[in-house]
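> Below are the sequence and a predicted model; questions follow.
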Amino acid sequence: MFEPLARIVIDHAAPKPGVAPKTATDQEMEFRKRRLQQAEADAKAQKEAQAAEEKKRNCQRATEQVQAFERGGRITRYGPNGEQQFMNEQEVQAELANAKKAADSWCK
């Protein structure tokens, strides 16, 4: 009824000609090398994930800042002596432009 597509024969007993069998030490070294490579790949992936999360948070903050400046109203900031100061319209427009630049750079 059904014909086999292919028959695979594996001969574990016969080593390949010209290739010496690996010693336990060689196998251990290869294992450690693979494990180190996997650990490095995992660390890189984790670092990239953290960078993406930080970029997402910074984008959200920048967008919220733009929205706050666009809503208008009285906007304050703290002066050098720690007192709250109201921003005039020119200062608000300058800060809005800076916030838009920051949002554009973080939210690409």
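Thanks, I have the structure now. Residues are numbered from 1 along each chain as shown.
> which residues does residue 25 contact?
With contact set as CB atoms under 8 Å, 6 or more residues apart in numbering, residue 25 has no partners. Yep, even glycine has a C-beta here, placed from its N, CA and C like the rest.
> Is it within a helix or a strand, and which one?
Using DSSP states H and E, residue 25 maps to helix 24-71.
> Have a look at this structure and report the helix or strand with the lowest mean pLDDT.
One helix or strand of the chain scores below all others by mean pLDDT, DSSP states H and E: strand 76-78, with a mean of 86.
> I'd like the distance from the helix holding residue 25 to the chain centre, please.
Distance of helix 24-71 from the chain centroid (CA atoms, centre = their mean, to the nearest Å) equals 4 Å.
> Give the rounded mean pLDDT of that helix.
Mean per-residue pLDDT for helix 24-71: 93.
> Residue 85: what's it in contact with?
By CB under 8 Å, 6+ apart, the contact list for residue 85 reads 76, 77, 78, 79.
> Tell me who's in contact with the residue nearest to the third one when sequence neighbours are not counted.
In space, residue 78 comes closest to residue 84 once its chain neighbours are excluded; the distance is 6.0 Å by CB to CB, 6 or more residues apart in numbering. With CB under 8 Å, 6+ apart as the criterion, the residues that contact residue 84 are 76, 77, 78.
> Just give the number of residues close to the last one.
Spelled out, that is residue 78. Counted by other CB atoms under 10 Å, the residues lying close to residue 78 total 9.
> just the first one next, same as before
By other CB under 10 Å, 10 other residues sit near residue 76.
> same question, the second one
Per other CB under 10 Å, the neighbour tally for residue 77 reads 10.
> what sits against the residue nearest to residue 95 when sequence neighbours are not counted?
Leaving out its chain neighbours, the residue that sits closest to residue 95 by CB to CB, 6+ apart is residue 69, at 6.0 Å. Listed by CB under 8 Å, 6+ apart, the contact set of residue 69 reads 75, 92, 95, 96, 99.
> contacting residues around the spatially most central residue of the chain?
In the chain, the residue lying closest to the centroid (CA atoms, centre = their mean) is residue 48, at 2.3 Å. Neighbour list for residue 48: empty [criterion: CB under 8 Å, 6+ apart].
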